[in-house]
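Asker: Fold the following, please.
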Amino acid sequence: MAQVCKAAYLAAITNCVQGTGFIMRSCTTLLWLAAAALPLAACGDSTPADDAAQQDAAAPAQLGMVLYNAAIRLPAVSGRPAGAYFTLQSLRDEPVRIAGVDVTGAGEAELHETKVVDGISMMAAAGTIVLEPRETVQFAPGGFHVMLFDIDPALVAGGTTDLTLTLENGDKISATAQIVGPADPLPAALEGAKEAMPAMDHSAHEGMAH
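Answerer: Down below sits the predicted model:
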């Protein structure tokens with residue numbers, strides 16, 4: 001769209017240069033107006049998705065969503081579940097429902113939520129998670145997060161893997177997740193999102209069938 005606007009502006013210059021007298025005075029006004037209009041969001045080409053991508057170049061918007069700060073924390077004890085964390089921002093004007101998640105290198109991934117009931121931390125499957133219009137949600141220790149089972153030994157600290165969210169309507173949103181060790185920090189935004197629970201114990205789920 002910006003190229004079309006630029007072409008129209010150059011065409012106006014060409015036509016005006018060929019005129020004289022009154023036509024030249026009229027063209028001066030026309031060219032001034034055209035030049036003033038050019039910077040206006042590339043002739044209407046800007047979108048909320050573009051703005052979000054400019055704020056975080058490493059996290060481009062996908063289908064009106066921005067997925068970033070993705071990280072996977074490996075378990076302290078081999079064979080136990082790992083945890084996946086990230087930030088999800090909705091740029092949509094309607095609610096968004098997250099139905100599932102997949103992580104390359106994990107046999108199974110489940111959306112979970114940690115709640116504190118009567119002073120006791122309890123964790124359970126979260127089911128479908130709903131983001132309200134324009135809402136940003138941190139999937140972090142102590143709140144919403146992803147449990148990963150049957151971890152491929154190839155997933156090691158310092159590496160990366162793909163994390164993909166599936167929305168209720170079938171849309172998929174992906175990001176590259178950094179892999180960290182059990183004692184390594186997560187991205188700062190995630191560490192501060194909830195009360196720190198860096199060594200969450202998933203042992204109660206070891207015997208679950210997956």
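Asker: do you know how far the residue lying closest to residue 74 once chain neighbours are set aside is from residue 187?
Answerer: Distances taken as C-beta to C-beta, 6 or more residues apart in numbering put residue 82 closest to residue 74, at 5.3 Å, once the chain neighbours are dropped. For the C-beta atoms, the positions are set from N, CA and C on the backbone; glycine is no exception. Applying C-beta to C-beta, to the nearest Å, the value for residue 82 to residue 187 is 16 Å.
Asker: neighbour-wise, which of the two wins?
Answerer: Neighbour totals were compared for residue 82 and residue 187, and residue 82 leads with 23 against 19 (other C-beta atoms under 10 Å).
Asker: Specify the beta-bridge partners of the more buried one.
Answerer: Beta bridges link residue 82 to residue 148, judged by DSSP bridges.
Asker: So it is in contact with residue 150, correct?
Answerer: No. At 9.9 Å, residue 82 does not count as touching residue 150 under the criterion of C-beta atoms under 8 Å.
Asker: Could you tell me which residues touch both of the two?
Answerer: residue 106 (C-beta atoms under 8 Å, 6 or more residues apart in numbering).
Asker: Need the CA coordinates for the helix or strand harbouring residue 162. CSV is fine.
Answerer: Element membership for residue 162, per DSSP states H and E: strand 160-167. Only the C-alpha atoms of strand 160-167 are listed here, as CSV (Å, rounded to 0.1, in the frame of the first residue of the first chain):
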residue,chain,number,x,y,z
THR,A,160,15.9,-24.5,22.1
THR,A,161,12.8,-26.2,20.9
ASP,A,162,9.4,-25.3,19.4
LEU,A,163,6.4,-24.5,21.5
THR,A,164,3.0,-24.4,19.7
LEU,A,165,-0.4,-23.3,21.1
THR,A,166,-3.6,-24.5,19.5
LEU,A,167,-6.7,-22.3,19.8
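Asker: what about residue 166, how many neighbours?
Answerer: 14.
Asker: contacting residues around it?
Answerer: Contacts of residue 166 (C-beta under 8 Å, 6+ apart): 98-102, 172.
Asker: let's see 10 Å
Answerer: Counting by C-beta atoms under 10 Å, 6 or more residues apart in numbering, residue 166 touches 98-102, 172-173.
Asker: Now it. Nearest residue, chain neighbours left out?
Answerer: residue 100 (4.3 Å).
Asker: Restricting to C-alpha, output the strand ranked longest in the chain in CSV.
Answerer: In terms of residue count, the longest strand belonging to the chain (DSSP state E) is strand 106-117. C-alpha atoms of strand 106-117 as CSV (Å, rounded to 0.1, in the frame of the first residue of the first chain):
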residue,chain,number,x,y,z
ALA,A,106,8.0,-33.8,24.8
GLY,A,107,5.8,-36.9,24.5
GLU,A,108,2.8,-35.0,25.9
ALA,A,109,2.1,-31.5,27.0
GLU,A,110,-0.8,-30.3,29.3
LEU,A,111,-2.1,-26.9,30.3
HIS,A,112,-2.1,-26.7,34.1
GLU,A,113,-2.9,-24.1,36.7
THR,A,114,-1.5,-23.7,40.3
LYS,A,115,-3.9,-22.3,42.9
VAL,A,116,-3.5,-21.7,46.6
VAL,A,117,-6.4,-23.0,48.6
